[in-house]
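K.L.:
Sequence and predicted structure are below.
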Amino acid sequence: MAETAASHVHDLLIVGAGPVGLALALTLKDAGLDIVLADTRPREAVTRDPRDLALAHGTGLTLQGLGVWDALPKTAIAHIHISHQGGLGRTLIDASEHDLPALGYVVPAGALAAALRARVDAAGIPVFDETEVSQLAPGADDVIASLSGPGRPAATLRSRLAACAEGGLRADDGNVIEHDYGQHALIADVQVAGGHRATAFERFTSQGPVALLPKGEGYALVHVARPETADELLALDDAAYLARLQTHIGGRARLTSVGPRLRYPLVLRYRRSTIAERTVWLGNAAQTLHPVAGQGFNLALRDVWALAETLLRKVDSHALGAHGEKTCVREDIGRAEVLAAYARARGLDRLGTIRFTDTLVRVFSNDFAPLRHARGAALVALDLLPPLRHFVARRMMFGARAWP
């Protein structure tokens, strides 16, 4: 890892070289900014992420602009079938209603990270792997980051702005709101007879949603259940688990095999404010959402795009020189008014998406009879009222402001 002179001041330090941090660096690569990234993990750890991401249509447009879309292994979602177990009512959202080839795509998270990293490396933006940023000390003109890593002495790095794009949120942080859903998610690859026909299934049960997302020739599974039920499911052999899963899905798809299962606890955590003095938080460092409706990374990338747009407006301004000529003046992108402008631009979409996913979980993950009937009525209404269905689809694809 190259050493950084303590007297040198970078424009932007991005903490986290996962997909969110890498996307921010790429979005700003032609802005003439001095950008550096730092990540605690080895490079290979990021590209080996076993999870799959459901990318909305708007996210695909952004990744296309960053030059990574065409190289990604991706599976289109043309139809989304939504239903709930134990009650009537279902709805189908179809890409053809919106004159789109797909509502979204499923992409392996590791493959996305690898493609973004390759583009960042090609752009010559330095990434400090296996480097922990243990402290950020903001001052009047810069923020001083304390760096450490295996086999190297502690060092400091100065930057006008720090963008924290990775890392969990601590429950003891006074700026963090937390809600434990009392649910765990099992993820696995599942094969299906007859192929998936580009159809995703979101099946709500009393313990949480079961989602089947087209991936390759089969499905990426997200199976949400209470922790004690997750224990039981993990203890089952593949055949017994597959039979249990089939009871949730019913006859909508005939599942034939299941791969290794991994488990993640589900907790909603989000910062009341995503900005502080010369610091901004993005992605999982700003909010960790329930996987229902697959909104987490899509929200993060909209944050990235909005932050980049805000910074690009402030990078250069023009002033008149002593003889009336225009001169280019480099602005300080870490100023409080710059970050406040970003926060104002993102407030509606960010809080709207957090509330949207949280409400879905609370309303659909229970067996309360009145709510069960209301859920059925809501799904019937979605199916019978195209304008309402169109609104929900646009909300999922582009965010609260129907971005872009």
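P.N.:
Received the coordinates, thanks. Just so it is clear, the model here is predicted, and its values are computed rather than measured. Residues are numbered from 1 along each chain as shown.
K.L.:
what about the helices in the protein?
P.N.:
For the chain, the helices defined by DSSP state H occupy 19-27, 43-47, 57-65, 109-122, 227-235, 238-249, 296-315, 336-364, 369-384, 386-398.
K.L.:
closest one to residue 220 among these?
P.N.:
Shortest distance between residue 220 and the helices of the chain, using Cβ to Cβ, is found for helix 109-122: 10.6 Å. Every C-beta, even on glycine, is put in place using the N, C-alpha and C of the backbone.
K.L.:
Going by neighbour count, which residues in the closest one are buried?
P.N.:
Going by neighbour count (16 or more other Cβ atoms under 10 Å), the buried part of helix 109-122 is 109-117, 119-120.
K.L.:
Take these and lay them out in CSV including pLDDT.
P.N.:
CSV is the format used below for those (pLDDT from 0 to 100):
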residue, pLDDT
109, 95
110, 95
111, 97
112, 97
113, 97
114, 97
115, 97
116, 97
117, 97
119, 97
120, 98
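K.L.:
Closest one of those residues to residue 252?
P.N.:
Using Cβ to Cβ, the buried residues of helix 109-122 come closest to residue 252 at residue 109, 26.1 Å.
K.L.:
on that earlier part again, which of the helices of the chain sits closest to residue 84?
P.N.:
Nearest of these (Cβ to Cβ): helix 369-384, 5.3 Å.
K.L.:
where in the stretch 151-300 of the chain is pLDDT low?
P.N.:
168-172 (pLDDT under 70).
K.L.:
any chance you could map the strands in the stretch 101-250 of the chain?
P.N.:
Using DSSP state E, counting those that start in this stretch, the strands of the stretch 101-250 of the chain run over residues 104-108, 127-128, 132-138, 143-149, 152-164, 176-192, 199-205, 208-215, 218-225.
K.L.:
need those strands in JSON lines with mean neighbour count and distance to residue 309, can you?
P.N.:
Shown next, in JSON lines, are the strands of the stretch 101-250 of the chain (neighbours: other Cβ atoms under 10 Å; distance: least, Cβ to Cβ, whole Å):
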{"stretch": "strand 104-108", "mean neighbour count": "24", "distance to residue 309": "23"}
{"stretch": "strand 127-128", "mean neighbour count": "22", "distance to residue 309": "23"}
{"stretch": "strand 132-138", "mean neighbour count": "16", "distance to residue 309": "23"}
{"stretch": "strand 143-149", "mean neighbour count": "19", "distance to residue 309": "22"}
{"stretch": "strand 152-164", "mean neighbour count": "20", "distance to residue 309": "14"}
{"stretch": "strand 176-192", "mean neighbour count": "18", "distance to residue 309": "26"}
{"stretch": "strand 199-205", "mean neighbour count": "22", "distance to residue 309": "30"}
{"stretch": "strand 208-215", "mean neighbour count": "25", "distance to residue 309": "30"}
{"stretch": "strand 218-225", "mean neighbour count": "25", "distance to residue 309": "31"}
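K.L.:
of all the buried residues of helix 109-122, which comes closest to residue 102?
P.N.:
Distances from residue 102 to the buried residues of helix 109-122, taken by Cβ to Cβ, are shortest for residue 112, at 16.5 Å.
K.L.:
Find the residue closest to the closest one in space, skipping its chain neighbours.
P.N.:
Among residues not flanking residue 112 along the chain, residue 19 sits closest, at 5.2 Å (Cβ to Cβ, 6 or more residues apart in numbering).
K.L.:
ok, that neighbour touching residue 111?
P.N.:
No. Under the criterion of Cβ atoms under 8 Å, residue 19 makes no contact with residue 111, lying 10.1 Å away.
K.L.:
returning to that earlier point: most tightly packed of the helices of the chain?
P.N.:
Of these, the one with the most neighbours on average (mean count of other Cβ atoms under 10 Å) is helix 19-27, at a mean of 28.
K.L.:
I'd guessed residue 203 sits against residue 90; true?
P.N.:
No. Taking Cβ under 8 Å as the definition, residue 203 is not a contact partner of residue 90, at 9.4 Å.
K.L.:
Could you name every residue contacting both of the two?
P.N.:
83-84 (Cβ atoms under 8 Å, 6 or more residues apart in numbering).
K.L.:
Looking at the strands of the stretch 101-250 of the chain, spot the one closest to residue 355.
P.N.:
Closest among those, using Cβ to Cβ: strand 176-192, at 11.8 Å.
K.L.:
and the angle from that closest one to helix 336-364?
P.N.:
Per axes from the mean of the first three to the mean of the last three Cα atoms, to 10 degrees, the angle that strand 176-192 makes with helix 336-364 is 60 degrees.
K.L.:
helices or strands next to strand 176-192 in the packing?
P.N.:
strand 208-215, strand 218-225, helix 227-235, strand 255-258, strand 262-271, helix 336-364 (3 or more Cβ pairs under 8 Å, 6 or more residues apart in numbering; DSSP states H and E).
K.L.:
Could you spell out the sheet neighbours of the second one, each with its direction?
P.N.:
Applying DSSP bridges to the sheet, strand 218-225 is found paired with strand 176-192 (antiparallel), strand 208-215 (antiparallel).
K.L.:
Dump those strands to a markdown table, plus distance to residue 97.
P.N.:
Shown next, in a markdown table, are those (distance: least, Cβ to Cβ, whole Å):
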| stretch | distance to residue 97 |
| --- | --- |
| strand 176-192 | 24 |
| strand 208-215 | 18 |
